[in-house]
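Peer 1: No sequence on hand, only this structure:
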Ligand SMILES: Nc1ncnc2c1ncn2[C@@H]1O[C@H](COP(=O)(O)OP(=O)(O)OP(=O)(O)O)[C@@H](O)[C@H]1O
Ligand SMILES: Nc1ncnc2c1ncn2[C@@H]1O[C@H](COP(=O)(O)OP(=O)(O)OP(=O)(O)O)[C@@H](O)[C@H]1O
Ligand SMILES: [Mg+2]
Ligand SMILES: [Mg+2]
């Protein structure tokens, strides 16, 4: 019964902390905090779990990492948490619209709500972003522009039209191109991959096949599974070097294509750090030490966050390509 | 022993499950599980899939199946939200418009059901396929209306339907109870209800008994669509938005519940009480899992095991009771 | 007589509650034809299923050619030379005629490959023997009941069986086909094959059988040479009581016309058929298969409505385009295929009883279940249906009793006209006469009764008017006494009349 | 006689599917000339490979009077577990991998058979239960993250090609050698179903299980064979899927069952059992594959695609069912 032990462990950690903690400042150990990922079944979020575990290691806390395997179970899952006496819930919304009213309930119940990858949530205290998604999208597009010396057509892929951060990312890239690269034509409609590598592969392949005039010079992928999918298509069709891929992914998922140069830019932010940042922000919020336009969290890449509305934005994205991909730091 | 024989074996095994879960939680973590807050959270959740499940049940008793319910629900939610947001003016949408949206939603649900019913009853296409295609079509239309992202900004009073409470009890609970009572009346005490059972047990004989199969099938799938629509209204109200891909897991869930509830997949058999028990049982279990912080991937596993277990137990028990081997 | 092929001693078989066989003895010699007779539900089919290894007896001994048999599976039985034509044929609707016929043979020889050419040859040969004419490549699901039965027969005879069992093989056959079948049976008998036949038509039994074994509700009654049995004793042993076979004469009709049918036609089924029905009349409609007799019944019930002509029921002209019309006009129909068209096998006797009239129990905003139960009990009483509990599944009833329930289902709609298509198919004399008593009573009460059948003796005895159909046309209206033979002439002869 | 035979063939529902396919192809080639090339066949073969394998299993099961919705789960388990085990103990043997996969499929297939054949649980429900149990076990005990670095010999299989075709546009299209699996599979199944008593037995139990038992078929044995076959093939197919994607993902295949069933039925197999042909199934799969994989070439807006797929299946199944209905309405002979 891990459930029952929750409360008790919470009890005794409290006591021992008040003992050793001389500055009245409370820490994560004094609160019951949960970190909820979009879904548990992605390498991406297993990395986040890693981060939470490390955090608990380091600070002797018992922050919970829990969620539903499929994204569309998230709202119901969080709803279940509300009734279980948490001080703060840190969540990476899979589906903002679905989650928002549930989070409203959470706030009614006096729970602090911290989000990630979801700047548009209404019912939250704060959202912490590794970076500005629009900028991030622009960043990827910039790379494609550079690789294709600014001429040709670019296709974008998103996991689902219903996934906000993906759509924003694509939008950011498109807007950047319209401003800065007149000859770079970005398709109006992104390809939808259902966040499934196989689907991404066949749809990209289809698009490339249809493109008999070789106008396509770049592919921008928003979802982690799409980058290898697209890479596989490009590689099989023998279009390496002609079609440039820049996308979000992880070494564990897309490593080989980065190494052989099919994927020329792979960007990501470290979910582990993001997770820790959420926890720290939650604690800060509970302690009421937030609100100024800038905030510094003891987490790499989140030292100087800038506040805009309810969104704290850092500068924590990591670029990986052929040259630096063997760095252990990125090996997850 | 005689008394036990009287009660349906399936219901017995379900009650057994109840005992197991409730006692287990009383030992493991009563403080959280039996807290009013937690119990309240159940009432928000199970009516949503419960009402939709009754649609599945009705169709299965009639010898069919309705895999399109989730599609209908989402389409209804999307259209209703669309009306309130894009026509009614979003947050400031007037009461009239809200009611209008709900009514239109319910009508759409019934129409979807009618479409299923027509293909099944008139063109005699196997229900499983019709409703499978239905799922695609209705989801597709919802997708076309939304072009992807959910339609947000519905008025507060609409959101209150699924999230509000009266005297501390969520609105959804009385709704669910009403639907349950109506369903059991419909099946037990109306001509239509009996006809559904006849249709389910032998289509030909029911035709030769002067029952208008087409009419009964149409009614059945329209009612099912109607229930799907209600569930769709609740969902979109609950989430404060309409979207094409909410609750996709409910299709299998409802199928599982209906069978757990003792409805025979070949039709002709099934009681509302059994299904109701099954609906609540699954809520109790999933809540127990979330309280015990058991990894949710295990839920699939457990649901599957329960399903098989109940079926096996029921079969064996039934064989014991009446050894009449019908070959 | 040859030596004993099969010997059963004190066979008992029970299905949970139901004690189907309560100790039956049976003995069959090679080269003899044994008739197994008994009322519906007395256990004939069950006994056969025990012999063929489909059911295992609860107790009792089973000897094949002198050797005791312990455990017997269907395929063992087939290999041992036991071939059965089951009451419900047990053919494969989704396979071709040829394959159906050849199937057992391949299974018997235990071959692993399917030889289509050989199958076809076997089938054609078998059909020639029986005198059946079917396209061997057509799917059985497209065959009429009669032809399905033909397939079953062909399948049984091609395998050189040592013991052939026929469970009511003639229910769907015309007289010609029956004669044909009997020829074959006699030929097989000459070959020294033991044959057992179950049949409810006494004349046919007298025509074909050498010996007779009678069982009554699961118990062995008597057994002996057919000559030892005159009709009276036969009937007595079967039913346990004496039934006088009388001819039905309605009391003087007051001339009120119930039904008048004028020149109704339906493309490819029947044309310009006219007949009328007065109070007290029981009209029999007969004819060969495909003569349109069945289609006529279907038309009156709106299953395949007539395309032209007039139907006048109790004075007012009515239109019948579909079943709902028929129901509205209080026309009832007892269909030909009891199992698939008449019964909800898994539902209770009670449910079956009210299936056609459920609407009338809906008052005060809800169904009156108490009334339903009461009415059921009444009907079971009136028609003396033999059942356990009225909440039992109807599949536990046997032919005759189930048929009575089907009839009761319609009587419960208090119809003005009831059409019965082969109402006594597979129904024993006991129940048969009871069913006709019911029909006669209805006729007296002013309900129009039409019986469609090819059992001539039964028509002659129970109908005061007979309409003979031949390829779609009504060739004779008979409304005075007629001998079976005369009727048979009209019935089968082509051409002049 | 001859005439009518021709008429029968030309109006058979399989021909109708062919007509639709032809029309569809013409439509696509008009929109996207690149479609009318050898490359399309290669791409389609690659795209339909897995579907084809699943479909034939489903067809056999449905013919036998059952239905199986557990094969995606089986496939997931049989592709993921071996890879996990191999990574753990760094084994690297492609043959072993497929044997392992088949074995897992076999075990689950047997479980299905026991539930359906011995315990008499309705197939849809039994396989549904087995499906969620399998998934649950897999995710619980083997985790949920995709494994993208496959053991080298397994990854290598991805690059084994029969031939490579260079399109007018200069793109390379390589035909994977794995296409041989469905080809052989289909030939074998065709022969078994048509020319062996085993095959005929499967049709027989699908047509009327009781009659089959009486006639002397061992129904239980036949059902076991069917579900074991389905299980084994699902397992192997899972491993193929893994090779084709150069990644082992324990979830991606889930939910594919309904489309497969639709494809089989569009191909003329009756849900009620006893009817179904190999050729029909191929056509069904091709039709649905064609529409699913060429929506971009058809220029269908992204958010219209779900709807279009649905519409096509409705038409396909409607045609099949209506033809079937017509046959049943025919005068009995
Ligand atoms: N969809 C339904 N919802 C609720 N009750 C129904 C429904 N359909 C039928 N009923 C109940 O059953 C009663 C009779 O239904 P219905 O009209 O099907 O029977 P009927 O007309 O007597 O028979 P038939 O359908 O053969 O004409 C109705 O008065 C109604 O109370
Ligand atoms: N599968 C079964 N389950 C329960 N009871 C059965 C079953 N089969 C037969 N019975 C019962 O056994 C008895 C004998 O049935 P059986 O079919 O042998 O009668 P029968 O002599 O063949 O009647 P008929 O002349 O109508 O064919 C009947 O009372 C029937 O209800
Ligand atoms: Mg009516
Ligand atoms: Mg019998």
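Peer 2: Yep, that arrived. Values in this document were obtained by computation on a predicted structure and should not be read as measured data. Ligands and ions are numbered 1, 2, ... in the order given.

Peer 1: Next one: residue A:63 from residue A:229, what distance?
Peer 2: When CB to CB, to the nearest Å is the yardstick, residue A:63 and residue A:229 sit 34 Å from each other. C-beta: built from backbone N, CA, C; applies to glycine.

Peer 1: nearest residue to residue D:323 other than its sequence neighbours?
Peer 2: residue D:13 (4.0 Å; CB to CB, 6 or more residues apart in numbering or on different chains).

Peer 1: Of residue A:63 and residue A:229, which one has the most company?
Peer 2: residue A:229 (31 against 24; other CB atoms under 10 Å in any protein chain shown).

Peer 1: got a list of what the more buried one touches?
Peer 2: Contacts here follow CB atoms under 8 Å, 6 or more residues apart in numbering or on different chains; on that basis residue A:229 touches A:157, A:193, A:196-201, A:204, A:221.

Peer 1: host element of the residue nearest to it when sequence neighbours are not counted?
Peer 2: Counting by CB to CB, 6+ apart, residue A:229 lies nearest to residue A:200, which is 3.0 Å off, once chain neighbours are set aside. For residue A:200, the enclosing helix or strand under DSSP states H and E is helix A:197-210.

Peer 1: who's in contact with residue D:34?
Peer 2: A:209-212, D:167-169, D:297.

Peer 1: and with 7 Å instead?
Peer 2: With contact taken as CB atoms under 7 Å, 6 or more residues apart in numbering or on different chains, residue D:34 is in contact with A:209-210, A:212, D:169.

Peer 1: quick one: which two of the residues you listed are the most distant?
Peer 2: In the contacts of residue D:34, two members sit farther apart than any others by CB to CB. They are A:210 and D:169, at 9.6 Å.

Peer 1: Looking at the two, which one has more neighbours?
Peer 2: Between residue A:210 and residue D:169, counted using other CB under 10 Å, residue A:210 has the larger neighbour count: 21 against 16.

Peer 1: how near is the more buried one to chain D?
Peer 2: When distances are taken as CB to the nearest CB, to the nearest Å, residue A:210 and chain D turn out to be 5 Å apart.

Peer 1: And that residue, how far from residue C:295?
Peer 2: From residue A:210 over to residue C:295 the distance is 59 Å, taken as CB to CB.

Peer 1: what do you get for residue A:274?
Peer 2: Applying CB to CB, the value for residue A:274 to residue C:295 is 78 Å.

Peer 1: Enumerate the positions of stretch A:101-121 that are buried.
Peer 2: Taking 16 or more other CB atoms under 10 Å in any protein chain shown as the basis for neighbour counts, the residues of stretch A:101-121 that come out buried are A:101-107, A:111-121.

Peer 1: So which of the residues you listed sit within helices?
Peer 2: In helices, judged by DSSP state H, the following of the buried residues of stretch A:101-121 are found: A:101-107.

Peer 1: Sort those residues by pLDDT and name the bottom one.
Peer 2: Least confident of these in the model: residue A:101, at 84.

Peer 1: Can you tell me the closest non-neighbouring residue to residue A:173?
Peer 2: Sequence neighbours aside, residue A:141 is the residue nearest to residue A:173 in space, at 3.6 Å (criterion: CB to CB, 6+ apart).

Peer 1: Which element, helix or strand, includes the one you found?
Peer 2: Secondary-structure assignment from DSSP H and E places residue A:141 in helix A:133-147.

Peer 1: Return the per-residue confidence for residue B:73.
Peer 2: 96.

Peer 1: and it, how many neighbours does it have?
Peer 2: Counted with other CB under 10 Å, the neighbours of residue B:73 add up to 34.

Peer 1: follow-up on the earlier one: surely the residue nearest to residue D:323 and residue D:318 touch.
Peer 2: No: with contacts counted by CB atoms under 7 Å, residue D:13 stays clear of residue D:318, the gap being 10.3 Å.

Peer 1: okay, these two: which has more neighbours?
Peer 2: Counting neighbours by other CB under 10 Å for residue D:13 and for residue D:318 shows that residue D:13 has the greater number, 21 against 17.

Peer 1: Now that we're looking at that one, what pLDDT does it have?
Peer 2: Value listed for residue D:13 in the pLDDT field: 75.

Peer 1: Check residue D:56 too.
Peer 2: For residue D:56, the pLDDT comes out at 96.

Peer 1: Spell out which parts of the stretch 1-150 of chain C neighbour ligand 2.
Peer 2: By CB under 6 Å from any ligand atom, the part of the stretch 1-150 of chain C that sits against ligand 2 consists of C:15, C:18, C:20, C:38, C:40-46, C:87.

Peer 1: ah, wrong one, I meant the stretch 151-300 of chain B
Peer 2: Counting by CB under 6 Å from any ligand atom, no residue of the stretch 151-300 of chain B sits close to ligand 2.

Peer 1: circling back to that earlier point, secondary structure, neighbour count and pLDDT for the residues of the stretch 1-150 of chain C next to ligand 2 - can I get that in JSON lines?
Peer 2: As requested, those are arranged in JSON lines below (DSSP: H, G, I helix; E, B strand; the rest coil; neighbours: other CB atoms under 10 Å in any protein chain shown; pLDDT from 0 to 100):
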{"residue": "C:15", "secondary structure": "strand", "neighbour count": "18", "pLDDT": "80"}
{"residue": "C:18", "secondary structure": "strand", "neighbour count": "18", "pLDDT": "71"}
{"residue": "C:20", "secondary structure": "strand", "neighbour count": "24", "pLDDT": "85"}
{"residue": "C:38", "secondary structure": "coil", "neighbour count": "26", "pLDDT": "84"}
{"residue": "C:40", "secondary structure": "coil", "neighbour count": "24", "pLDDT": "72"}
{"residue": "C:41", "secondary structure": "coil", "neighbour count": "22", "pLDDT": "72"}
{"residue": "C:42", "secondary structure": "coil", "neighbour count": "26", "pLDDT": "82"}
{"residue": "C:43", "secondary structure": "coil", "neighbour count": "27", "pLDDT": "86"}
{"residue": "C:44", "secondary structure": "helix", "neighbour count": "28", "pLDDT": "88"}
{"residue": "C:45", "secondary structure": "helix", "neighbour count": "24", "pLDDT": "86"}
{"residue": "C:46", "secondary structure": "helix", "neighbour count": "24", "pLDDT": "89"}
{"residue": "C:87", "secondary structure": "coil", "neighbour count": "20", "pLDDT": "75"}
